[in-house]
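Here is my input; please provide its structure:
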Amino acid sequence: MTTHTPIEQHPDLAEMRSRFERVTATPTAQAVEAMALLTGLYLAASPWVVGFNGLSTLTVNNLIVGVAYALIMSGLISAYDRTHAMAWAATAMGTWTIVAPWVVAGNVDTTRTIVNNCVVGAVACLLGLAMAGMRDRRRDRVAPGPASRTAPLSG
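Numbering: from 1, shown residues only. From the prediction side, this is the model:
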């Protein structure tokens, strides 16, 4: 009869969670989160800031995508180890924001809606990629070998 320990107590999982906690505690990760939150809130408010007159479908689209983007990106820092893949969803949302004026609104005859969505979408996409690319840079510089795990470092 074999007994199995719960997955929550697995040493690899504990090490991975501590690594993710180190990554998300960095000033860079916190700055990306803050900029992403502001980007999502601006995207949600942009129809009224820029003035999407007569484009109600694009207004609703930007409101929904902006709120969802802000919620996804703000949730990444609090539970990064379990929601890391959501950064790729945020990147897709940024890409959708770029193409939305043509897909959702059909005939877009105002330059400001196109410029607004392309700029905000590009920023959202870059922030999503930045969050997806976060990793522990200290660990990447010196990868411990098998001997370093068993023997303490002297010095």
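
ranges for the strands of the chain?
In the chain, no segments count as strands under DSSP state E.

all helices for it, in order.
11-24, 27-46, 56-78, 80-83, 86-103, 111-132, 137-141, 146-150 (DSSP state H).

Reformat those as CSV; add mean pLDDT.
Converted to CSV, the helices of the chain look like this (pLDDT from 0 to 100):
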stretch, mean pLDDT
helix 11-24, 56
helix 27-46, 88
helix 56-78, 85
helix 80-83, 54
helix 86-103, 90
helix 111-132, 91
helix 137-141, 47
helix 146-150, 48
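
Same list, these, but as TSV with mean neighbour count please.
Backbone N, C-alpha and C define where each C-beta goes, glycine included. Formatted as TSV, these follow (neighbours: other CB atoms under 10 Å):
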stretch	mean neighbour count
helix 11-24	14
helix 27-46	18
helix 56-78	18
helix 80-83	16
helix 86-103	19
helix 111-132	19
helix 137-141	10
helix 146-150	8
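
For residue 126, give me its contacts.
Residue 126 makes contact with residue 94, according to CB atoms under 8 Å, 6 or more residues apart in numbering.

cutoff 10 Å now
Contacts for residue 126 were tallied using CB atoms under 10 Å, 6 or more residues apart in numbering; they are 32, 35, 36, 39, 91, 94.

what do you get for residue 42?
With contact taken as CB under 10 Å, 6+ apart, residue 42 is in contact with 49, 50, 62, 66, 69, 70, 116, 120, 123, 124.

Residue 133 versus that one, what's the distance?
Per CB to CB, to the nearest Å, residue 42 is found 23 Å from residue 133.

Also residue 91?
10 Å.

In this structure residue 62 contacts residue 93, no?
No. Using CB atoms under 10 Å, residue 62 is not in contact with residue 93, being 11.0 Å away.

Return every residue with contacts to both of those two.
In contact with both residue 62 and residue 93: 43, 100, using CB under 10 Å, 6+ apart.

For the nearest residue to residue 70 once chain neighbours are set aside, give me its contacts.
Spatially, and ignoring its direct neighbours in sequence, residue 70 is nearest to residue 40 (2.8 Å; CB to CB, 6 or more residues apart in numbering). By CB under 10 Å, 6+ apart, residue 40 lies in contact with 65-74, 90, 93, 120, 124, 127.
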